[in-house]
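# okay, here's the prediction I keep looking at, along with the sequence it came from:
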Amino acid sequence: MNTQAIVSKVWSYCNVLLDAGVSYSDYLEQLTYLIFLKMADEYSKPPYNRDVGIPAEYDWPTLKAKKGAELDRFYIELLRELGKKKGMLGQIFTKAQNKIQDPAMLFRVIDMIDTESWVMMGADIKGDIYEGLLEKNAEDTKSGAGQYFTPRALIKAIVACVRPEPGKSIADPACGTGGFFLASYDFLVSEHKLDKAQKTFLKHQTFHGNEIVANTRRLCLMNMFLHNIGEINGVSTVLSTDSLIADSGNRYDYVLANPPFGKKSSRTATNEEGELEKEDFTYNRQDFWATTSNKQLNFVQHIRTMLKTTGQAAAVVPDNVLFEGGAGETVRKKLLQNTDLHTILRLPTGIFYKPGVKANVLFFDNKPASPNPWTKEVWYYDYRTNIHHTLKKKPMRFDDLKNFIGCYNPQNRHDRAETWSGEQPEGRWRKFTYDEIVARDKTSLDIFWLKDKSLTDLDNLPEPDDLAEAIIENVEAGLNSFREIAARLES
């Protein structure tokens, strides 16, 4: 079967289960378990003959032979027992549960997976199937899965600017479903003719991440594995620990990340009544420039710590990182002094699955200690003013960011030319010197210069349905903010 036929087949079962009350998220979870088991069975046979660590009593043929209530009972037991194993096997099945309550439907999904040879299938085909499911799952706003899914067009553009090289390490301290890893893998494979040693390094040593949400980490591991990263019986390079707790001591060539949005860091603690509740949490780290409970500022500091002296970073951050005072001002000043913060891409709303998010991408290179600031000038690309995107009708595509990539000039970012000038006030690409930025109140990096046409040009307003969607997005964003405030007041 060709790629499209397999994708259609997988989706047809998804829709059947959806009608029976099984969400995209639950379907994706069960597919992860079952495809992993099927691939393990294929690897255990010739020509591979590998011991993948799955006990014979819980292997694929045993599962496939069950039906009805016996299948339901056995599947639950299988998930529980495999979750106790070590390595990637245990990570995939951590806290696993059966979400398909109808044994007949579960049997149909097992039969569908059994008809395909997943090991022989190309990584691009398997990857297309799984990435499609992840994106569909992210669109289900009620599940909240979208917060772990960065728009793939944005990730691809970031990787195209950074241009990772073979034989170098890539890390993401909050890797979600692994979008940055997969885009980097695709770039390295397509842009370089890799030798055997480089291919081995790419498969086993290139990618390192953290993801504290068990189900999201499971999806990330499976996504990487289906894209030919890691081994079915290998050790996971995606850790379940909170990356902000401490400096691991590991240093990487590249850090590409979209840390979780939300200003406060929190943890679950037990109160005097013995009840679990969330509380604000401040990370006390000697390597941080400022101590704060602001999660985003902590991630910016942590990303800088993770870099080798010659390391490069690209991080998606919300607007508050660019203008917030106190610890925010300290972090910005230190970032300008200790790294070369050379580029900021200002992003529009309507591209993330959480409504109303105003975000930016910070590109910076780490540097050795120096008495003089490393940042000489910061180049801005304003892809927000007069830009209108919506998730459904007008999603952001990779082509929309090609002009930014051209301005960035990845082949030689030191050779750049502004598109803005006094004669060209509509140019989106403009630089500001270090002195100009530090002279601003609180060393604010929150800079715009283009005129918002919607405020002055009534003839060029967005289409009515785009305006309606934008209004809904802003109202939902406001409601979410009020809910967070109410939750804090209640606690």
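Yes, it's here. Numbering: from 1, shown residues only.
# which non-adjacent residue is nearest residue 258?
In space, and not counting its chain neighbours, residue 258 is closest to residue 316: 3.9 Å by CB to CB, 6 or more residues apart in numbering. Glycine gets a C-beta too; all of them are placed from N, C-alpha and C.
# that neighbour: which element?
Per DSSP states H and E, residue 316 falls inside strand 307-318.
# give the pairing partners of that strand; include direction for each.
strand 252-257 (parallel), strand 359-366 (antiparallel) (DSSP bridges).
# which one of those is the most hemmed in?
Among those, strand 252-257 has the highest mean neighbour count (mean count of other CB atoms under 10 Å), at a mean of 24.
# and the average pLDDT for that strand is what?
For strand 252-257, the mean per-residue pLDDT is 98.
# how about stretch 12-31?
Confidence over stretch 12-31 (mean pLDDT, whole number) is 83.
# same question, stretch 388-396
Across stretch 388-396, the average pLDDT comes to 86.
# flag every buried residue along stretch 80-94.
Within stretch 80-94, the residues scored as buried using 16 or more other CB atoms under 10 Å are 82, 83, 85, 88, 89, 91, 92, 93, 94.
# among those, which two are most distant?
83 and 88 (12.3 Å; CB to CB).
# would you mind measuring from residue 249 to residue 333?
26 Å (CB to CB, to the nearest Å).
# ditto for residue 306
20 Å.
# of the two, which one has the most company?
residue 306 (25 against 17; other CB atoms under 10 Å).
# my understanding was that that one contacts residue 249; is that so?
No. In this structure, residue 306 is not within contact of residue 249 by CB atoms under 8 Å, at 10.0 Å.
# could you report the pLDDT at the residue of the chain most remote from its centre?
Distance to the chain centre peaks in the chain at residue 423, reaching 39.5 Å (criterion: CA atoms, centre = their mean). With respect to pLDDT, residue 423 has a value of 81.
# doesn't residue 76 lie inside a strand?
No. Secondary structure of residue 76 (DSSP: H, G, I helix; E, B strand; the rest coil): helix, not part of a strand.
# show me what contacts it?
97, 98 (CB atoms under 8 Å, 6 or more residues apart in numbering).
# hang on, residue 247 packs against residue 285?
Yes. The pair residue 247 / residue 285 is scored as a contact, 6.7 Å apart, by CB under 8 Å.
# as TSV, the buried residues of stretch 80-94 with secondary structure and distance to residue 222 would be great.
Listed next are the buried residues of stretch 80-94 as TSV, based on DSSP: H, G, I helix; E, B strand; the rest coil; distance: CB to CB, whole Å:
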residue	secondary structure	distance to residue 222
82	helix	14
83	coil	15
85	coil	15
88	helix	9
89	helix	12
91	helix	10
92	helix	7
93	coil	11
94	coil	12
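# for those, which one is nearest residue 125?
Each of those was checked against residue 125 using CB to CB; the closest is residue 92, at 20.3 Å.
# can you pull out the strands in the protein?
Here the chain has its strands, by DSSP state E, at 170-172, 207-210, 238-239, 252-257, 266-270, 276-280, 307-318, 339-346, 359-366, 377-382, 429-433.
# need the winner for burial among those strands.
Each of the strands of the chain was scored by mean neighbour count; the highest is strand 170-172, a mean of 26, by mean count of other CB under 10 Å.
# against which helices or strands is that strand packed?
Applying 3 or more CB pairs under 8 Å, 6 or more residues apart in numbering; DSSP states H and E, we find strand 170-172 packed against helix 179-191, strand 207-210, strand 252-257.
# out of those, the one nearest residue 301 is which?
Taking the helices and strands packed on strand 170-172 one by one with CB to CB, strand 252-257 is closest: 11.9 Å.
# so how far is the closest one off the chain centroid?
13 Å (CA atoms, centre = their mean, to the nearest Å).
# show me the contacts for residue 27.
Contacts of residue 27 by CB under 8 Å, 6+ apart are 13, 14, 17, 18, 99, 100, 133.
# go through these and name the one nearest residue 399.
Within the contacts of residue 27, distances to residue 399 taken as CB to CB reach their minimum at residue 133, with 24.1 Å.
# residues near the residue lying closest to the closest one once chain neighbours are set aside, how many?
Among residues not flanking residue 133 along the chain, residue 28 sits closest, at 5.0 Å (CB to CB, 6+ apart). Number of residues near residue 28 (other CB under 10 Å) recorded here: 24.
# wait, doesn't residue 28 sit right on residue 222?
No. With contacts counted by CB under 8 Å, residue 28 stays clear of residue 222, the gap being 9.1 Å.
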